[in-house]
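Engineer: Let's see this in three dimensions:
(one chain, ligands or ions: 1)
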Amino acid sequence: MHRRQSHDEYSSYLKYKNVASMSHSLGVIRSFSIEFFSQGSRNFKSRVEVNSALDRPEMGLPQSPAVENQDSILVPYNSWLLKHPSALDTFKQLMRIAKGKRIVVFLDYDGTLSNIVDNPEKAFMTKEMRMAVREVACCFPTAIISGRGRGKVYDFIELDNVYYAGSHGLDIAAPLQSMNYGDPKHQTSVVGKKGNEVVLFQPAKKYLPAIQKILGVLTEKTRSIRGAMIENNKFCISAHYRHVRDEDFCNLEKVVNSVIGEFKEFRISKGKKVFEIRPDMEWDKGRALNYLLDTLGLGASSDVLPIYIGDDRTDEDAFEAIRNRGEGFSIVVSSTPKDTLALYSLRNPLEVNKFLLRMVRWKKNSSLDKSAKYRGENKNCRMGQCLNLEEGTQMMDWKDAHKPILL
Ligand SMILES: O=P(O)(O)OC[C@H]1O[C@H](O[C@H]2O[C@H](CO)[C@@H](O)[C@H](O)[C@H]2O)[C@H](O)[C@@H](O)[C@@H]1O
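Structural biologist: As a prediction, this is how the structure comes out:
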(Lines give C-alpha, C1' and ligand atoms only; values in the text may rest on other atoms or scores of the structure.)
Protein backbone atom coordinates (compact mmCIF):
# COMPACT_ATOMS: atom_id res chain seq x y z
CA MET A 1 0.00 0.00 0.00
CA HIS A 2 2.75 2.40 1.07
CA ARG A 3 4.91 1.42 -1.88
CA ARG A 4 2.09 2.18 -4.30
CA GLN A 5 1.32 5.41 -2.59
CA SER A 6 4.86 6.70 -2.87
CA HIS A 7 5.04 5.68 -6.52
CA ASP A 8 1.80 7.57 -7.20
CA GLU A 9 3.12 10.55 -5.34
CA TYR A 10 6.31 10.52 -7.35
CA SER A 11 4.44 10.44 -10.66
CA SER A 12 2.27 13.22 -9.36
CA TYR A 13 5.39 15.18 -8.55
CA LEU A 14 6.74 14.64 -12.08
CA LYS A 15 3.39 15.63 -13.52
CA TYR A 16 3.51 18.72 -11.36
CA LYS A 17 6.90 19.61 -12.77
CA ASN A 18 5.49 19.31 -16.28
CA VAL A 19 2.52 21.49 -15.46
CA ALA A 20 4.86 23.94 -13.81
CA SER A 21 6.97 24.27 -16.92
CA MET A 22 3.89 24.55 -19.13
CA SER A 23 2.22 27.14 -17.00
CA HIS A 24 2.68 30.70 -18.19
CA SER A 25 2.26 34.07 -16.62
CA LEU A 26 -0.66 36.22 -17.70
CA GLY A 27 0.83 39.48 -16.71
CA VAL A 28 1.83 39.05 -13.10
CA ILE A 29 5.53 38.40 -12.82
CA ARG A 30 6.02 35.62 -10.36
CA SER A 31 8.95 33.84 -8.92
CA PHE A 32 9.48 30.39 -10.35
CA SER A 33 12.24 29.44 -7.96
CA ILE A 34 10.35 26.80 -6.08
CA GLU A 35 12.44 24.85 -3.67
CA PHE A 36 11.09 21.34 -3.33
CA PHE A 37 11.97 19.87 -0.03
CA SER A 38 13.20 16.33 -0.06
CA GLN A 39 10.27 13.95 -0.34
CA GLY A 40 10.54 12.86 3.22
CA SER A 41 8.11 12.29 6.00
CA ARG A 42 7.59 16.02 6.55
CA ASN A 43 5.88 16.51 3.19
CA PHE A 44 3.97 13.31 3.41
CA LYS A 45 2.68 14.26 6.82
CA SER A 46 1.49 17.67 5.70
CA ARG A 47 -0.44 16.13 2.81
CA VAL A 48 -2.05 13.47 4.91
CA GLU A 49 -3.07 15.93 7.56
CA VAL A 50 -4.84 18.23 5.14
CA ASN A 51 -6.53 15.40 3.32
CA SER A 52 -7.78 13.91 6.51
CA ALA A 53 -9.26 17.29 7.37
CA LEU A 54 -11.26 17.04 4.16
CA ASP A 55 -12.31 13.56 5.09
CA ARG A 56 -13.77 14.57 8.40
CA PRO A 57 -17.33 13.35 8.91
CA GLU A 58 -19.84 16.11 8.40
CA MET A 59 -23.46 16.25 9.42
CA GLY A 60 -23.12 13.17 11.57
CA LEU A 61 -22.76 10.84 8.61
CA PRO A 62 -20.13 8.11 8.45
CA GLN A 63 -16.57 9.03 7.64
CA SER A 64 -15.68 8.87 3.97
CA PRO A 65 -13.40 5.96 3.26
CA ALA A 66 -11.67 6.58 -0.06
CA VAL A 67 -8.88 8.96 -1.06
CA GLU A 68 -10.45 12.26 -2.07
CA ASN A 69 -7.79 14.42 -3.58
CA GLN A 70 -6.43 12.25 -6.36
CA ASP A 71 -4.39 15.18 -7.57
CA SER A 72 -2.60 16.06 -4.39
CA ILE A 73 1.13 16.36 -4.83
CA LEU A 74 4.09 16.07 -2.61
CA VAL A 75 5.09 19.66 -1.96
CA PRO A 76 4.42 21.79 1.08
CA TYR A 77 1.53 24.18 0.64
CA ASN A 78 3.71 27.26 0.91
CA SER A 79 5.93 26.11 -1.94
CA TRP A 80 2.90 25.31 -4.05
CA LEU A 81 1.57 28.79 -3.31
CA LEU A 82 4.61 30.29 -5.03
CA LYS A 83 3.44 28.60 -8.20
CA HIS A 84 -0.26 29.28 -7.68
CA PRO A 85 -0.38 32.48 -5.62
CA SER A 86 -3.39 33.33 -3.57
CA ALA A 87 -5.83 35.41 -5.61
CA LEU A 88 -6.48 37.37 -2.41
CA ASP A 89 -2.83 38.13 -1.73
CA THR A 90 -2.25 39.15 -5.36
CA PHE A 91 -5.59 40.91 -5.68
CA LYS A 92 -4.12 44.35 -6.36
CA GLN A 93 -1.84 43.07 -9.12
CA LEU A 94 -4.70 41.11 -10.66
CA MET A 95 -6.96 44.13 -10.72
CA ARG A 96 -4.21 46.25 -12.19
CA ILE A 97 -4.21 43.85 -15.13
CA ALA A 98 -8.00 43.78 -15.21
CA LYS A 99 -8.40 47.54 -15.30
CA GLY A 100 -10.18 48.70 -18.43
CA LYS A 101 -11.01 45.10 -19.43
CA ARG A 102 -14.43 43.53 -19.60
CA ILE A 103 -14.47 41.01 -16.81
CA VAL A 104 -16.71 37.95 -17.09
CA VAL A 105 -16.96 35.72 -14.03
CA PHE A 106 -17.39 31.93 -14.19
CA LEU A 107 -18.01 29.92 -11.05
CA ASP A 108 -18.14 26.22 -10.35
CA TYR A 109 -20.61 25.17 -7.63
CA ASP A 110 -19.59 22.24 -5.40
CA GLY A 111 -16.39 22.91 -3.48
CA THR A 112 -16.28 26.47 -4.81
CA LEU A 113 -19.49 28.19 -3.77
CA SER A 114 -20.46 25.51 -1.27
CA ASN A 115 -18.35 23.34 1.00
CA ILE A 116 -17.91 19.70 0.15
CA VAL A 117 -20.32 17.89 2.46
CA ASP A 118 -21.29 14.28 2.95
CA ASN A 119 -24.73 14.53 1.44
CA PRO A 120 -24.86 15.98 -2.11
CA GLU A 121 -28.49 16.96 -1.57
CA LYS A 122 -27.44 19.22 1.29
CA ALA A 123 -24.60 21.14 -0.34
CA PHE A 124 -26.21 24.48 0.42
CA MET A 125 -24.34 27.70 -0.07
CA THR A 126 -24.33 30.24 2.74
CA LYS A 127 -26.51 33.32 2.48
CA GLU A 128 -23.33 35.41 2.54
CA MET A 129 -22.11 33.55 -0.53
CA ARG A 130 -25.45 34.05 -2.28
CA MET A 131 -25.20 37.80 -1.60
CA ALA A 132 -21.64 37.91 -2.90
CA VAL A 133 -22.56 36.06 -6.11
CA ARG A 134 -25.59 38.29 -6.59
CA GLU A 135 -23.44 41.39 -6.13
CA VAL A 136 -20.69 40.20 -8.39
CA ALA A 137 -23.31 39.42 -11.04
CA CYS A 138 -24.51 42.99 -10.78
CA CYS A 139 -21.05 44.21 -11.65
CA PHE A 140 -19.93 41.65 -14.23
CA PRO A 141 -21.70 39.11 -16.42
CA THR A 142 -21.57 35.96 -14.31
CA ALA A 143 -22.17 32.29 -15.10
CA ILE A 144 -22.26 29.14 -13.01
CA ILE A 145 -20.80 26.06 -14.71
CA SER A 146 -21.54 22.94 -12.71
CA GLY A 147 -21.45 19.18 -13.06
CA ARG A 148 -24.92 19.05 -11.54
CA GLY A 149 -28.11 19.21 -13.53
CA ARG A 150 -28.94 22.83 -14.40
CA GLY A 151 -32.23 22.80 -12.51
CA LYS A 152 -30.59 21.41 -9.40
CA VAL A 153 -27.82 23.97 -9.34
CA TYR A 154 -30.42 26.73 -9.79
CA ASP A 155 -32.31 25.36 -6.78
CA PHE A 156 -29.16 25.78 -4.71
CA ILE A 157 -28.20 29.21 -5.98
CA GLU A 158 -31.65 30.73 -6.51
CA LEU A 159 -30.37 33.80 -8.32
CA ASP A 160 -31.92 35.11 -11.49
CA ASN A 161 -29.12 37.42 -12.54
CA VAL A 162 -26.59 34.74 -13.43
CA TYR A 163 -26.32 32.33 -16.36
CA TYR A 164 -26.47 28.62 -15.65
CA ALA A 165 -24.66 25.77 -17.36
CA GLY A 166 -25.39 22.34 -15.90
CA SER A 167 -24.13 18.80 -16.64
CA HIS A 168 -20.51 19.99 -17.04
CA GLY A 169 -21.61 22.50 -19.67
CA LEU A 170 -23.86 20.14 -21.65
CA ASP A 171 -26.96 22.14 -20.72
CA ILE A 172 -26.67 25.91 -21.02
CA ALA A 173 -29.42 28.49 -20.60
CA ALA A 174 -27.87 31.30 -22.61
CA PRO A 175 -28.97 34.79 -23.57
CA LEU A 176 -31.31 35.11 -26.53
CA GLN A 177 -28.71 36.47 -28.94
CA SER A 178 -26.91 33.12 -28.71
CA MET A 179 -29.14 31.83 -31.51
CA ASN A 180 -26.46 33.39 -33.73
CA TYR A 181 -23.72 31.20 -32.27
CA GLY A 182 -22.98 27.53 -32.10
CA ASP A 183 -24.69 24.73 -33.92
CA PRO A 184 -28.40 25.59 -34.40
CA LYS A 185 -29.35 21.93 -34.19
CA HIS A 186 -28.41 21.96 -30.50
CA GLN A 187 -30.21 25.21 -29.70
CA THR A 188 -33.82 25.89 -28.90
CA SER A 189 -35.38 29.17 -28.07
CA VAL A 190 -37.87 28.73 -25.25
CA VAL A 191 -40.08 30.88 -23.07
CA GLY A 192 -39.65 30.15 -19.39
CA LYS A 193 -42.21 30.12 -16.60
CA LYS A 194 -41.45 33.74 -15.89
CA GLY A 195 -42.18 34.79 -19.46
CA ASN A 196 -38.54 35.31 -20.29
CA GLU A 197 -37.11 34.03 -23.54
CA VAL A 198 -33.83 32.14 -23.40
CA VAL A 199 -31.84 29.83 -25.61
CA LEU A 200 -31.13 26.33 -24.43
CA PHE A 201 -27.92 24.88 -25.76
CA GLN A 202 -28.00 21.11 -25.27
CA PRO A 203 -25.49 19.33 -27.48
CA ALA A 204 -25.99 15.93 -25.81
CA LYS A 205 -29.71 15.54 -26.34
CA LYS A 206 -29.34 12.42 -28.48
CA TYR A 207 -27.71 10.63 -25.53
CA LEU A 208 -30.72 11.03 -23.24
CA PRO A 209 -32.22 7.58 -23.90
CA ALA A 210 -28.85 5.93 -23.22
CA ILE A 211 -28.42 8.02 -20.07
CA GLN A 212 -31.78 6.79 -18.79
CA LYS A 213 -30.69 3.22 -19.48
CA ILE A 214 -27.37 3.66 -17.70
CA LEU A 215 -29.15 5.24 -14.74
CA GLY A 216 -31.45 2.22 -14.44
CA VAL A 217 -28.69 -0.37 -14.79
CA LEU A 218 -26.27 1.43 -12.45
CA THR A 219 -28.92 1.96 -9.79
CA GLU A 220 -29.87 -1.70 -9.95
CA LYS A 221 -26.31 -3.06 -9.97
CA THR A 222 -25.07 -0.86 -7.14
CA ARG A 223 -28.10 -1.42 -4.92
CA SER A 224 -26.28 -4.02 -2.87
CA ILE A 225 -23.16 -1.87 -2.38
CA ARG A 226 -23.65 -0.11 0.91
CA GLY A 227 -23.19 3.67 0.68
CA ALA A 228 -23.12 3.87 -3.15
CA MET A 229 -25.33 6.58 -4.54
CA ILE A 230 -26.28 7.28 -8.14
CA GLU A 231 -27.21 10.87 -8.99
CA ASN A 232 -29.09 11.91 -12.10
CA ASN A 233 -27.58 15.10 -13.50
CA LYS A 234 -29.70 15.05 -16.65
CA PHE A 235 -26.96 14.86 -19.32
CA CYS A 236 -24.54 13.05 -17.06
CA ILE A 237 -24.53 10.77 -14.05
CA SER A 238 -22.61 10.79 -10.80
CA ALA A 239 -21.81 7.56 -8.97
CA HIS A 240 -20.87 8.66 -5.46
CA TYR A 241 -18.65 6.57 -3.22
CA ARG A 242 -18.14 8.93 -0.29
CA HIS A 243 -19.97 6.49 1.98
CA VAL A 244 -18.73 3.28 0.45
CA ARG A 245 -16.49 1.24 2.72
CA ASP A 246 -12.87 0.75 1.62
CA GLU A 247 -13.45 -2.95 1.12
CA ASP A 248 -16.40 -2.29 -1.22
CA PHE A 249 -14.76 0.42 -3.30
CA CYS A 250 -13.14 -1.92 -5.85
CA ASN A 251 -16.45 -3.67 -6.34
CA LEU A 252 -18.19 -0.37 -7.08
CA GLU A 253 -15.43 0.67 -9.44
CA LYS A 254 -15.72 -2.68 -11.24
CA VAL A 255 -19.49 -2.31 -11.61
CA VAL A 256 -19.19 1.25 -12.94
CA ASN A 257 -16.47 0.24 -15.41
CA SER A 258 -18.34 -2.81 -16.63
CA VAL A 259 -21.67 -0.97 -17.06
CA ILE A 260 -20.07 1.93 -18.91
CA GLY A 261 -17.97 -0.52 -20.91
CA GLU A 262 -21.25 -1.53 -22.57
CA PHE A 263 -21.93 2.07 -23.60
CA LYS A 264 -19.06 2.94 -25.88
CA GLU A 265 -20.17 6.53 -26.34
CA PHE A 266 -19.67 7.41 -22.70
CA ARG A 267 -16.65 8.21 -20.59
CA ILE A 268 -15.87 8.17 -16.88
CA SER A 269 -13.83 10.72 -14.98
CA LYS A 270 -13.13 10.93 -11.27
CA GLY A 271 -14.11 13.84 -9.08
CA LYS A 272 -14.22 14.14 -5.33
CA LYS A 273 -15.28 10.66 -4.26
CA VAL A 274 -17.43 10.42 -7.32
CA PHE A 275 -17.31 8.80 -10.75
CA GLU A 276 -18.66 11.26 -13.28
CA ILE A 277 -20.16 9.59 -16.34
CA ARG A 278 -20.92 11.65 -19.42
CA PRO A 279 -21.17 11.37 -23.20
CA ASP A 280 -17.76 11.05 -24.78
CA MET A 281 -18.03 14.12 -26.94
CA GLU A 282 -15.87 17.15 -27.48
CA TRP A 283 -17.59 19.31 -24.96
CA ASP A 284 -16.56 20.32 -21.48
CA LYS A 285 -16.52 23.24 -19.05
CA GLY A 286 -13.84 24.99 -21.12
CA ARG A 287 -15.94 24.87 -24.26
CA ALA A 288 -18.95 26.00 -22.25
CA LEU A 289 -16.93 29.02 -21.07
CA ASN A 290 -16.04 29.93 -24.66
CA TYR A 291 -19.62 29.36 -25.81
CA LEU A 292 -20.94 31.70 -23.11
CA LEU A 293 -18.39 34.36 -24.01
CA ASP A 294 -19.47 34.08 -27.65
CA THR A 295 -23.13 34.31 -26.79
CA LEU A 296 -22.47 37.38 -24.69
CA GLY A 297 -20.89 38.86 -27.79
CA LEU A 298 -17.48 38.90 -26.11
CA GLY A 299 -15.80 35.86 -27.65
CA ALA A 300 -13.72 37.82 -30.12
CA SER A 301 -13.15 40.96 -28.02
CA SER A 302 -9.53 41.62 -27.29
CA ASP A 303 -10.41 43.37 -24.04
CA VAL A 304 -12.39 40.55 -22.41
CA LEU A 305 -10.98 39.03 -19.25
CA PRO A 306 -12.62 35.81 -18.05
CA ILE A 307 -12.15 34.74 -14.45
CA TYR A 308 -12.88 31.09 -13.66
CA ILE A 309 -12.97 29.71 -10.13
CA GLY A 310 -13.26 25.97 -9.57
CA ASP A 311 -11.98 23.16 -7.40
CA ASP A 312 -12.17 19.88 -9.26
CA ARG A 313 -10.83 17.98 -12.24
CA THR A 314 -13.52 18.96 -14.72
CA ASP A 315 -12.68 22.60 -13.93
CA GLU A 316 -9.22 21.99 -15.41
CA ASP A 317 -10.80 22.16 -18.89
CA ALA A 318 -11.92 25.70 -18.11
CA PHE A 319 -8.48 26.60 -16.75
CA GLU A 320 -7.03 25.28 -19.99
CA ALA A 321 -9.50 27.31 -22.04
CA ILE A 322 -8.37 30.46 -20.24
CA ARG A 323 -4.74 29.54 -20.81
CA ASN A 324 -5.45 29.03 -24.51
CA ARG A 325 -7.16 32.40 -24.74
CA GLY A 326 -4.01 33.98 -23.32
CA GLU A 327 -6.09 36.30 -21.21
CA GLY A 328 -7.89 35.76 -17.94
CA PHE A 329 -7.44 34.44 -14.42
CA SER A 330 -7.83 30.78 -13.58
CA ILE A 331 -8.25 30.17 -9.87
CA VAL A 332 -8.24 26.76 -8.23
CA VAL A 333 -9.92 26.29 -4.86
CA SER A 334 -7.75 24.00 -2.79
CA SER A 335 -6.25 23.84 0.66
CA THR A 336 -3.78 21.17 -0.43
CA PRO A 337 -1.13 21.27 -3.13
CA LYS A 338 -2.46 19.66 -6.29
CA ASP A 339 -1.76 19.33 -9.99
CA THR A 340 -3.57 22.10 -11.76
CA LEU A 341 -3.45 24.33 -14.79
CA ALA A 342 -4.85 27.18 -12.70
CA LEU A 343 -2.52 30.09 -12.19
CA TYR A 344 -3.94 31.30 -8.90
CA SER A 345 -5.55 29.75 -5.85
CA LEU A 346 -7.96 30.25 -3.02
CA ARG A 347 -8.10 27.93 -0.06
CA ASN A 348 -11.82 27.32 0.34
CA PRO A 349 -15.30 28.72 -0.37
CA LEU A 350 -14.83 31.23 2.43
CA GLU A 351 -11.92 32.75 0.54
CA VAL A 352 -13.96 32.60 -2.68
CA ASN A 353 -16.61 34.64 -0.88
CA LYS A 354 -14.00 37.22 0.18
CA PHE A 355 -12.55 37.39 -3.32
CA LEU A 356 -15.98 38.01 -4.88
CA LEU A 357 -16.76 40.77 -2.40
CA ARG A 358 -13.40 42.38 -3.08
CA MET A 359 -14.17 42.39 -6.77
CA VAL A 360 -17.45 44.14 -6.07
CA ARG A 361 -15.74 46.77 -3.94
CA TRP A 362 -13.02 47.20 -6.53
CA LYS A 363 -15.63 47.74 -9.22
CA LYS A 364 -17.45 50.24 -7.11
CA ASN A 365 -14.29 52.15 -6.22
CA SER A 366 -12.94 52.17 -9.74
CA SER A 367 -16.24 53.60 -10.95
CA LEU A 368 -16.18 56.23 -8.21
CA ASP A 369 -12.58 57.03 -9.16
CA LYS A 370 -13.82 58.15 -12.51
CA SER A 371 -16.35 60.27 -10.59
CA ALA A 372 -19.09 58.48 -12.45
CA LYS A 373 -22.19 57.21 -10.80
CA TYR A 374 -21.60 53.56 -10.03
CA ARG A 375 -23.33 51.26 -12.43
CA GLY A 376 -23.42 47.54 -12.69
CA GLU A 377 -22.55 46.04 -16.06
CA ASN A 378 -25.08 43.29 -15.99
CA LYS A 379 -28.20 44.43 -17.80
CA ASN A 380 -30.21 42.12 -15.58
CA CYS A 381 -29.52 44.29 -12.55
CA ARG A 382 -30.89 47.63 -11.54
CA MET A 383 -28.31 50.37 -11.52
CA GLY A 384 -26.80 51.34 -8.23
CA GLN A 385 -27.99 48.33 -6.33
CA CYS A 386 -24.48 47.30 -5.43
CA LEU A 387 -23.72 50.60 -3.71
CA ASN A 388 -22.46 50.76 -0.15
CA LEU A 389 -21.41 47.17 0.00
CA GLU A 390 -19.14 46.25 2.86
CA GLU A 391 -17.94 42.77 3.60
CA GLY A 392 -20.55 41.03 5.75
CA THR A 393 -23.23 43.65 5.08
CA GLN A 394 -26.76 42.35 5.18
CA MET A 395 -28.22 43.17 1.82
CA MET A 396 -31.76 44.23 1.12
CA ASP A 397 -33.93 41.84 -0.84
CA TRP A 398 -33.66 42.70 -4.50
CA LYS A 399 -35.63 39.76 -5.74
CA ASP A 400 -37.80 41.72 -8.11
CA ALA A 401 -34.98 43.97 -9.24
CA HIS A 402 -33.65 41.27 -11.55
CA LYS A 403 -35.00 40.32 -14.87
CA PRO A 404 -35.07 36.56 -14.69
CA ILE A 405 -33.01 34.78 -17.30
CA LEU A 406 -33.63 31.26 -16.19
CA LEU A 407 -36.36 28.88 -17.17
O1 LIG B 1 -18.96 20.82 -11.09
P2 LIG B 1 -19.43 20.87 -9.66
O3 LIG B 1 -20.49 21.86 -9.42
O4 LIG B 1 -18.27 21.03 -8.72
O5 LIG B 1 -20.04 19.42 -9.38
C6 LIG B 1 -19.20 18.27 -9.21
C7 LIG B 1 -19.95 17.21 -8.42
O8 LIG B 1 -20.41 17.87 -7.24
C9 LIG B 1 -21.26 17.15 -6.36
O10 LIG B 1 -20.52 16.15 -5.69
C11 LIG B 1 -19.48 16.64 -4.87
O12 LIG B 1 -20.04 17.47 -3.83
C13 LIG B 1 -20.91 16.77 -2.90
C14 LIG B 1 -21.49 17.80 -1.94
O15 LIG B 1 -20.50 18.51 -1.30
C16 LIG B 1 -20.11 15.67 -2.20
O17 LIG B 1 -20.94 14.97 -1.29
C18 LIG B 1 -19.55 14.71 -3.25
O19 LIG B 1 -18.74 13.74 -2.64
C20 LIG B 1 -18.70 15.48 -4.26
O21 LIG B 1 -18.26 14.62 -5.31
C22 LIG B 1 -22.44 16.57 -7.11
O23 LIG B 1 -23.21 15.80 -6.23
C24 LIG B 1 -21.97 15.76 -8.31
O25 LIG B 1 -23.09 15.31 -9.03
C26 LIG B 1 -21.13 16.67 -9.22
O27 LIG B 1 -20.65 15.90 -10.31
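Engineer: Would you confirm that residue 316 belongs to a helix?
Structural biologist: Yes: assigned with DSSP: H, G, I helix; E, B strand; the rest coil, residue 316 falls within a helix.
Engineer: Helix, strand, or coil at residue 345?
Structural biologist: Going by three-state DSSP: residue 345 is strand.
Engineer: Could you find the closest non-adjacent residue to it?
Structural biologist: residue 84 (4.2 Å; CB to CB, 6 or more residues apart in numbering). Any C-beta I mention is one placed from the backbone N, CA and C, and that applies to glycine too.
Engineer: for residue 349, same thing?
Structural biologist: Spatial nearest neighbour of residue 349, chain neighbours left out: residue 115 (5.6 Å); criterion: CB to CB, 6+ apart.
Engineer: Touching, residue 341 and residue 318? I think so.
Structural biologist: No: Residue 341 is beyond contact range of residue 318, at 9.2 Å (criterion: CB atoms under 8 Å).
Engineer: Residue 283 in helix, strand or coil?
Structural biologist: At residue 283, secondary structure determined by three-state DSSP is coil.
Engineer: For burial, what's the neighbour tally of it?
Structural biologist: 21 (other CB atoms under 10 Å).
Engineer: Could you grab the helix/strand/coil label for the closest residue to it other than its chain neighbours?
Structural biologist: Excluding its sequence neighbours, the residue lying closest to residue 283 (CB to CB, 6+ apart) is residue 203, at 5.5 Å. Following three-state DSSP, the label given to residue 203 is coil.
Engineer: gap between residue 203 and residue 288?
Structural biologist: Distance, residue 203 to residue 288, by CB to CB, to the nearest Å: 10 Å.
Engineer: For the helix or strand containing residue 357, which helices and strands make contact with it?
Structural biologist: Per DSSP states H and E: residue 357 is located in helix 349-369. Of the remaining helices and strands, those touching helix 349-369 by 3 or more CB pairs under 8 Å, 6 or more residues apart in numbering; DSSP states H and E are helix 91-98, strand 102-107, helix 127-139, strand 329-333.
Engineer: Give me the distance between the second one and the centre of its chain.
Structural biologist: Computed by CA atoms, centre = their mean, to the nearest Å, the chain-centroid distance of strand 102-107 equals 13 Å.
Engineer: now swap in the last one and tell me
Structural biologist: In terms of CA atoms, centre = their mean, the gap separating the centre of strand 329-333 from the centre of its chain is 9 Å.
Engineer: looking at it, residue 90 is touching residue 344, isn't it?
Structural biologist: Yes: Residue 90 lies in contact with residue 344 (CB under 8 Å); the separation is 6.7 Å.
Engineer: who's more crowded, the two?
Structural biologist: residue 344 (27 against 18).
Engineer: re earlier: ok, the residue nearest to residue 283 - contacts?
Structural biologist: Going by CB atoms under 8 Å, 6 or more residues apart in numbering, residue 203 touches 170, 183, 186, 281, 283.
Engineer: Figure out the length between the terminal residues of stretch 106-124.
Structural biologist: Terminal residues of stretch 106-124 lie 19 Å apart, using CA to CA, to the nearest Å.
Engineer: is any part of that stretch close to the ligand?
Structural biologist: Yes: looking at stretch 106-124 against the ligand by CB under 6 Å from any ligand atom, the contacts come from 108, 109, 110, 111, 116, 117, 118, 120, 123.
Engineer: Check the residues you listed and tell me the two furthest apart.
Structural biologist: Greatest spatial distance among the residues of stretch 106-124 next to the ligand (CB to CB): 108 and 118, at 19.1 Å.
Engineer: which of those two has more neighbours?
Structural biologist: residue 108 (25 against 19).
Engineer: Test my guess that residue 101 contacts residue 306.
Structural biologist: No: the pair residue 101 / residue 306 is not scored as a contact, 9.8 Å apart, by CB under 8 Å.
Engineer: Give me the common contacts of those two.
Structural biologist: Common neighbours of residue 101 and residue 306 (CB under 8 Å, 6+ apart) are residue 327.
Engineer: of those two, who's got more company?
Structural biologist: More crowded of residue 101 and residue 306, by other CB under 10 Å: residue 306, with 26 against 15.
Engineer: Next up, identify which helix or strand that one is on.
Structural biologist: strand 304-310.
Engineer: how long is stretch 112-121 from one end to the other?
Structural biologist: Terminal residues of stretch 112-121 are spaced 16 Å apart (CA to CA).
Engineer: Quick check: buried residues in that stretch?
Structural biologist: 112, 113, 114, 115, 116, 117, 118, 120 (16 or more other CB atoms under 10 Å).
Engineer: out of those, who's nearest residue 139?
Structural biologist: Set against residue 139, the nearest of the buried residues of stretch 112-121 by CB to CB is residue 113 (16.8 Å).
Engineer: residues touching the closest one, list them.
Structural biologist: 107, 125, 129, 133, 144, 157, 349, 352.
Engineer: From the structure, what's the count of residues near the closest residue to it other than its chain neighbours?
Structural biologist: For residue 113, ignoring the flanking residues on the chain, the nearest one in space by CB to CB, 6+ apart is residue 125 at 4.9 Å. Other residues lying near residue 125 total 20 when counted by other CB under 10 Å.
Engineer: returning to what we had before: out of the helices and strands packed on helix 349-369, deepest packed?
Structural biologist: Scoring the helices and strands packed on helix 349-369 by mean neighbour count under mean count of other CB atoms under 10 Å gives strand 329-333 as the most buried, with a mean of 27.
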